[in-house]
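In: build me a model:
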Amino acid sequence: MFIDRAKIVIQSGKGGDGHVSFRREKYVPNGGPDGGDGGDGGDVIFEVDDGLNNLSDYRHKRKYSAGSGEEGGKRRCHGSNGADVILKVPEGTIIKEAASGRVIADMSGENRRFVILKGGRGGLGNMNFATATMQAPQYAKPGKASKELEVELELKIIADVGLIGFPNVGKSTFLSRVSNAEPKIANYHFTTISPNLGVVDLGKGEGFVLADIPGLIEGASDGVGLGHAFLKHIERTRLLIHVVDASGSEGRDPVQDIYTINNELKKYNADLEKRPQVIAANKMDLVFAGDENPVDRIKAEFVPKGIPVYAISGVSGEGIRELLYYVNNKLKTLNDKPMIFEPEFFPDKDLMSEEAPISVYKETNGVFVVEGPSIDKMLGYTHLESEKGFMFFQKFMKDNGILDSLEKAGVKEGDTVKISGWEFEYLK
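Out: Numbers count the residues shown, from 1 in each chain. The predicted model follows:
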């Protein structure tokens with residue numbers, strides 16, 4: 001099954017906590033701090049794999065997590081870093097932030113490897129906090145928290161030329177004749193239910209990549225049928241071959257078919273209306289001698305609009321060589337760089353901080369409350385009973401603007417301040 005869309009949750013690794021310990025050896029009775037640093041958490045990395053052509057690997061597994069960093073150890077031992085998780089995707093995969101649909105990365109062109117989520121940094125051990133006035137620090141920093149994000153993966157195939165047209169107009173037959181692709185072909189509507197890619201080799205290094213886009217229908221731009229699933233694969237192509245049933249074998253008007261499909265392209269993405277296009281008036285093997293030539297009417301309608309028309313037969317091969325050489329020469333005049341979707345969402349900057357801001361407020365009983373994950377963590381690794389630990393606590397309160405916030409909230413000397421289950425008397 002061709003899977004071109006998947007939604008998964010990714011999580012980077014947590015940084016390992018710094019360690020609190022002191023050197024204790026037989027002949028070193030007053031050894032200093034030797035707590036090591038924690039290891040960094042693992043990253044979440046996306047990487048292009050040329051052996052993949054769809055996203056079926058992500059159909060059944062929902063969450064992918066990198067490894068957490070190891071805690072620091074005694075004797076200045078550094079914790080090991082967490083293992084990265086590397087997610088392989090086909091070229092052309094767009095990674096979006098699921099909630100907003102904003103693009104994080106487009107795995108196309110030169111972008112073969114991209115770090116989406118960085119792991120949390122490891123915390124510093126207490127050996128880093130020794131100073132001339134604080135020779136036995138009783139605290140270490142915890143590792144930074146992991147980050148989690150739901151992302152949507154969407155594959156938009158990369159091809160030079162896209163084959164478009166109503167179902168059953170002969171696109172798959174045309175593709176099988178001119179390229180190395182082997183699409184399933186039958187006389188049924190919607191035979192093609194996934195894009196087929198083929199390489200057209202014209203010899204002497206000439207050629208291009210051709211994509212058979214599944215049959216479009218009226219209303220595709222509004223999501224009718226599998227409209228959106230099909231239309232997105234046209235966006236990267238540089239030129240469109242619009243295949244129509246010139247013979248009208250199914251009772252449809254080829255001129256009206258062209259206008260209908262082009263209107264769907266315009267409604268889906270206005271830029272597609274400007275995409276160079278050539279009309280392949282197919283099934284000429286069903287037009288008999290003596291009948292009015294339907295190609296004349298198609299040419300009269302579209303050639304004045306700058307859209308060339310070629311009469312072809314996917315069955316007999318009539319006119320195909322001329323069409324392919326026109327397309328090959330036209331491509332040489334167009335920008336040969338694939339369309340790349342620019343980033344709109346930057347996880348390092350746009351993700352909500354893993355730590356909510358510290359809040360300060362006054363309760364009805366007159367007690368002032370300080371809340372926030374960062375201060376809870378700080379108190380979790382600080383020994384307030386020690387003089388140096390309490391000094392560190394006071395410095396944290398000042399450096400993070402908490403004392404200023406208490407002043408703005410109206411705290412006065414002697415008032416009670418509650419922080420993470422501790423109660424303090426406020427003194428200036």
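In: quick one: the helices in the stretch 151-300 of the chain?
Out: Under the criterion DSSP state H, counting those that start in this stretch, the stretch 151-300 of the chain contains helices at 171-178, 227-231, 254-268, 294-302.
In: highest average neighbour count across the ones you listed?
Out: Most buried of those by mean neighbour count (mean count of other C-beta atoms under 10 Å) is helix 171-178; its value is a mean of 23. (C-beta placed from N, C-alpha, C; glycine too.)
In: one step back: adding distance to R75 and mean pLDDT, write the helices of the stretch 151-300 of the chain out as JSON lines.
Out: Formatted as JSON lines, the helices of the stretch 151-300 of the chain follow (distance: least, C-beta to C-beta, whole Å; pLDDT from 0 to 100):
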{"stretch": "helix 171-178", "distance to R75": "67", "mean pLDDT": "82"}
{"stretch": "helix 227-231", "distance to R75": "58", "mean pLDDT": "57"}
{"stretch": "helix 254-268", "distance to R75": "63", "mean pLDDT": "88"}
{"stretch": "helix 294-302", "distance to R75": "80", "mean pLDDT": "92"}
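In: I'd like those helices laid out as CSV, including distance to M127.
Out: Shown next, in CSV, are these (distance: least, C-beta to C-beta, whole Å):
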stretch, distance to M127
helix 171-178, 66
helix 227-231, 57
helix 254-268, 60
helix 294-302, 77
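In: between these, which gets nearest to L117?
Out: Between L117 and those, the shortest separation by C-beta to C-beta is 27.8 Å, and it involves helix 227-231.
In: sorry, back to before: of the helices of the stretch 151-300 of the chain, which is nearest P373?
Out: helix 227-231 (40.3 Å).
In: with respect to G120, which of the helices of the stretch 151-300 of the chain lies nearest?
Out: Across the helices of the stretch 151-300 of the chain, the minimum distance to G120, taken as C-beta to C-beta, is reached by helix 227-231, at 37.1 Å.
In: the helices of the stretch 151-300 of the chain: which one's closest to A105?
Out: Each of the helices of the stretch 151-300 of the chain was checked against A105 via C-beta to C-beta, and the shortest separation belongs to helix 227-231, namely 21.2 Å.
In: just how off-centre is the helix or strand containing D404 within its chain?
Out: When secondary structure is defined by DSSP states H and E, D404 falls within helix 402-408. If you compare the mean C-alpha spot of helix 402-408 with that of the full chain, they lie 41 Å apart, counting by C-alpha atoms, centre = their mean, to the nearest Å.
In: quick check: domain ranges of this protein?
Out: 1-155, 161-331, 359-425 (automatic domain parsing).
In: so which of these gets nearest K337?
Out: Ranking these by proximity to K337 (C-beta to C-beta) places domain 1-155 first, at 7.2 Å.
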